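Asks: make a model of this:
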Amino acid sequence: MTIRPATEKDREVVRELWEEFEQELGGPAYLLETWDEAWPDLLETVRKGIAVLAEEEGRAVGSSSASSAIVAGRPRTSPTSTFARARGTRGSAVLC
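Replies: Residues are numbered from 1 along each chain as shown. Next up, the predicted model:
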């Protein structure tokens, strides 16, 4: 498995992972975020360099992003979202 920084060129790959996650998550329609609502926030994390893609054999299998802020005068980064495809491979994981 390779983990690399996500780029703006990964938009469609991130969208595919995000849509799979949203579908699996389910819930009432009024609570679900649309891709058009989600992408600006995800793009911000990509531009800040705090979003990554996990790839296996050239296929995206997961992504993770974080938020950053200054708290009490010190920079802090916190994981905000992780999307991973379900697989039968034991011993591998996408961690944030």
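
Asks: pLDDT wise, what is Arg90 at?
Replies: Arg90 is assigned 41 on the pLDDT scale.

Asks: kindly report the same for the one 5 residues further on.
Replies: According to the prediction, Leu95 has pLDDT 46.

Asks: count the neighbours of Lys48 for me.
Replies: 13 (other C-beta atoms under 10 Å). Any C-beta I mention is one placed from the backbone N, CA and C, and that applies to glycine too.

Asks: from Thr34, how far out is it?
Replies: Noted for Lys48: a distance of 22 Å to Thr34, by C-beta to C-beta, to the nearest Å.

Asks: Asp10 now?
Replies: Applying C-beta to C-beta, the value for Asp10 to Thr34 is 19 Å.

Asks: equivalent analysis for Val13, please.
Replies: 18 Å.

Asks: give me the neighbour count for Ala60.
Replies: 19.

Asks: neighbour-wise, which of Val13 and Thr34 wins?
Replies: Neighbours were counted for Val13 and for Thr34 using other C-beta under 10 Å; Val13 has more, 16 against 8.

Asks: am I right that the more buried one falls within a strand?
Replies: No - looking at Val13 with DSSP: H, G, I helix; E, B strand; the rest coil, it is helix, so not inside a strand.

Asks: which residues touch it?
Replies: Leu53, Ala60, Ser63 (C-beta atoms under 8 Å, 6 or more residues apart in numbering).
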